[in-house]
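Sequence first, then the predicted structure:
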Amino acid sequence: MTKQVALGWLWLLLVAGITVIYRGVTQSATIDESYVYHLFLNQDASALWSKYDAGYHVLHTWATWLAVHKFGKSEPILRLPSMLAGLCFLWGVGVLCRKVMGDGWRFVVAVVLLTAHPLVADYLSVARGYGAGLAFFTWALIAYLSDRVVRGSVLLALSTACNLTFLVPSIALSLSLLAARALRGTELWAPLKQMVLPFAVTLGPILAIPLWHAGRAHFYFGSNDWSEAFASLLEPTTQYGERIPLQMAAALNGTMAPLLLILILVAGLIAAKRCDLPATLAVGCLTLSLAMLTAAHQVLGALYPWSRTGIYLLWTALLSCAFLWNWAAQQSDWPKRFSVVFGAASTCLALLFVVQADLRYYYDFRSDAGVAAMMSHLRDLHPTQPECIGGNWTFEPTVNYYRLRYKLGWLAEMKRTPEPQQGCRFYLVIGSDERYVALLHLRKLKVDAVSGTILAEAVTE
C-alpha cells in the first residue's frame, strides 16, 4: 500500500465517522424523514402494500420500517439503514477508485471528489433512499468494470428499488456497457440477456405492489424547466457552506460548469472511440441519463430532477471528470492534454467541496436544523395543562414526530395551516417569517443560530 492509498482510505474513514455517523446521530429530524415516518413507518406493515407516495423509497423504506419497529423511533434508528448504506458507498468508492485510478495521487483526489460533494454527503446519513441507491449503483459499476454483468444488473435493480430515480442511470449505465462492447466488436446478445433478466426478476417483485397504487399525481417532485433543475444541482455545489463569494459562485455555475460539461462530452467521445471502458461507462451514463430525462419530459411530461432527485447526475459528472483525467494521463498523443484540464478540475472541485463542509444541517432541510432543540426545550417546560403549537406548515411533520419521540402527551398534534394563526400557546416560525412574532403578539423563547427558526410563546395579558 502506497502512502497515497493509505491517505485515501484515511479520508474515507474520516468521512465515515464524521459525515455519516456523527451527522446521522446528531442532526435534527427533517420534514421528509418525518413525513415518511407518519405515512409509512409509524404504521403497521399493511401500509407498505396499500399506498404509494413520491417519498416511498420502497426497499429503503422497508429497511427503515424494520429498524423502527425493532429498535425504536429515535433519529439514529430512523437513519440506521441510510448510515449503513452510506458506509457501503464509501467502501465502494475506495474499491472503485483503487481499481480505476491506481495507487497515486489521482486515487486520493478521486475519493475526495466522489465523497465530499455537500449534497452527496448529506444523503449518506439522512433517512431517504438516495444514499442507498447510490451505494448499490457504485457497486454495480464495479461489477460491470469487472465483467460481472449479472451481479451488476442485480445491484442496479436494488439501486432502483431503493429509489426509483435511479432507474434512469441504471438503464443508461447498462446501455453504455453495451455501447462499449459494440465499439470493441463484441457480441451483444448474451450480455443483453444478462442485464435484462436479472434486473427484471430482482426489481419486479419489490416494486410491483407498491407501484400498483401509484398514479401520475404521486410523482410531484421536480421541475418543468431544465435551467431550474440544473440550478438546483449547482447551488449546493458552490453555495452550501456560504463560504464562497456569490460572484465567484455565479461564475462557476454560469460559465465553468457548462464548459466543463462540454469538455466531458467531447473527451468522453474520444475515450469511447479508444475503448477506455471506465470513461465510456461514466460519460455514457451521464450523457444517456440527460438524453432520457429530456425525452421523458417531452414525450411523457415527466418532471426534470430537482436537487436530490438528480443526485446521480452530479455524481456521474464528477465520476466522468475523474475517469477522463485518468484516461487522458495514459495517452501518448494529443488527448494527453486533457489530463491537465480534468486534473485541475478534479482537484479544484475536491478542494471546493472540502472548504464548504458544514456538519450542522442538511442543505435541503436547513430550516429543520433546530427543531429537535426547540422540541426538547418544550419538553423541559412541563406545562401543567394541555397546549397546542402553531406556526409554519413546513414544521408540521417534524413537530408531530418529536411529539411522539419525546412523549409529549400534553401537546396536541400540530395542525397544518396556510400561514401561522392565533389560538395556540407555542409557535415555530421560520426565520424569514419573523413578522409573525409581532403580528401574533408572540414572545421569543429560543432562536436557532443555524436555521434562524424561532420558538415563541403567545403573550398573555
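Received, thanks. Residues are numbered from 1 along each chain as shown.

phi, psi of the residue nearest to L440 when sequence neighbours are not counted?
Spatial nearest neighbour of L440, excluding adjacent residues (C-beta to C-beta, 6 or more residues apart in numbering): Q422 at 5.5 Å. C-betas here are computed from N, CA, C, even on glycine. Dihedral angles of Q422 (phi, psi; degrees, to the nearest 10) stand at phi -70, psi 160.

For burial, what's the neighbour tally of Q422?
12 (other C-beta atoms under 10 Å).

Which residues are in contact with it?
For Q422, the contacting residues are 390, 440, 458, by C-beta atoms under 8 Å, 6 or more residues apart in numbering.

so of those residues, which ones are in strands?
Among the contacts of Q422, the members found in strands (DSSP state E) are 390, 458.

was I right about F71 contacting R79?
No. Contact criterion C-beta atoms under 8 Å: F71 and R79 do not qualify, at 11.5 Å.

Looking at these two, which has the bigger crowd around it?
R79 (28 against 12).

residue contacts, the more buried one?
Neighbouring residues of R79 by C-beta under 8 Å, 6+ apart: 24-25, 33, 125-127.

Specify which member of the contacts of Q422 is nearest to S307.
Of all the contacts of Q422, S307 sits closest to G390, with 28.1 Å by C-beta to C-beta.

ok, the closest one to L158 distance?
Distance of G390 to L158, given as C-beta to C-beta, to the nearest Å: 42 Å.

which one of those two has more residues nearby?
Of the pair G390 and L158, G390 is the one with more neighbours under other C-beta under 10 Å, namely 27 against 23.

what's the closest non-adjacent residue to the more buried one?
Of all residues not flanking G390 in the chain, C424 sits nearest, at 4.1 Å (C-beta to C-beta, 6+ apart).

for T2, same thing?
Nearest to T2 is D103, by C-beta to C-beta, 6+ apart, at 4.6 Å.

my guess is that neighbour meets L7, correct?
No. With contact defined as C-beta under 8 Å, D103 does not reach L7; the gap is 10.7 Å.

Can you tell me the SS state at the residue nearest to T2?
Under DSSP: H, G, I helix; E, B strand; the rest coil, D103 falls in the coil class.

Now do the strands for the stretch 301-450 of the chain: every range, in order, please.
Secondary structure of the stretch 301-450 of the chain (DSSP state E, counting those that start in this stretch): strands located at 389-391, 426-429, 442-447.

Run through this structure and note the low-pLDDT ranges.
For the chain, applying pLDDT under 70 flags the ranges 461.

What spatial separation is found between G268 and S346?
According to C-beta to C-beta, G268 stands 15 Å off from S346.

scratch that, P418 is what I was asking about
From P418 to S346 the distance is 46 Å (C-beta to C-beta).

swap in A322?
Taken as C-beta to C-beta, the span from A322 to S346 is 5 Å.

if you count what's nearby, which of the two comes out ahead?
Between A322 and S346, A322 has the larger neighbour count (other C-beta under 10 Å), namely 30 against 24.

Now do the contacts for that one.
Contacts for A322 were tallied using C-beta under 8 Å, 6+ apart; they are 97, 100-101, 106, 109-110, 113-114, 282, 342, 346.

Name the residues contacting each of A322 and S346.
Common contacts of A322 and S346, defined by C-beta under 8 Å, 6+ apart, comprise 109-110, 113.

show me what contacts the nearest residue to R337 once chain neighbours are set aside?
Of all residues not flanking R337 in the chain, A328 sits nearest, at 7.4 Å (C-beta to C-beta, 6+ apart). The contact partners of A328, taken as C-beta under 8 Å, 6+ apart, are 267, 271, 335-339, 342.

Same question for V450.
360-361, 366, 369-370.

Quick check: P383 vs G409, distance?
Noted for P383: a distance of 11 Å to G409, by C-beta to C-beta.

Could you do M374 as well?
Taken as C-beta to C-beta, the span from M374 to G409 is 18 Å.

Those two: who's more crowded?
M374 (27 against 9).

hang on, the earlier thing: compare the contacts of V450 and tell me which is most surrounded.
When the contacts of V450 are compared by neighbour count (other C-beta under 10 Å), G370 ends up highest, at 25 neighbours.

thought that residue was touching D448?
Yes. With contacts counted by C-beta under 8 Å, G370 reaches D448, the gap being 2.7 Å.

Pipe the contacts of Q422 into TSV and attach distance to N163 per row.
Shown next, in TSV, are the contacts of Q422 (distance: C-beta to C-beta, whole Å):
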residue	distance to N163
G390	34
L440	39
A458	42
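
closest to F136 among the contacts of Q422?
Of all the contacts of Q422, F136 sits closest to G390, with 41.5 Å by C-beta to C-beta.

do you know how far that closest one is from Q422?
Distance, G390 to Q422, by C-beta to C-beta: 8 Å.

Pull the contacting residues for the residue nearest to T2.
Contacts of D103 (C-beta under 8 Å, 6+ apart): 1-2, 4-5.

ok, now how distant is it from Y22?
Counting by C-beta to C-beta, the gap from D103 to Y22 is 29 Å.

P169 now?
P169 is 29 Å from Y22, by C-beta to C-beta.

which one of these two has more residues nearby?
Set P169 next to Y22 and count neighbours by other C-beta under 10 Å: P169 wins out with 28 against 13.

next one: the helix or strand that contains that one to chain centre, how far?
Using DSSP states H and E, P169 falls within helix 167-183. With C-alpha atoms, centre = their mean, to the nearest Å as the basis, helix 167-183 stands 22 Å off its chain's centre.

in the next helix or strand after that helix, what counts as buried?
Scanning forward in sequence from helix 167-183 by DSSP H and E, the next helix or strand is helix 189-212. Buried residues in helix 189-212, counted by 16 or more other C-beta atoms under 10 Å: 191, 194-195, 198-199, 202-203, 206-207, 210.

hmm, who's touching helix 189-212?
Residues from elsewhere that reach helix 189-212 (C-beta under 8 Å, 6+ apart): 48-49, 52, 56, 58-59, 149-150, 152-154, 156-158, 160-161, 164, 170, 174, 177-178, 181.
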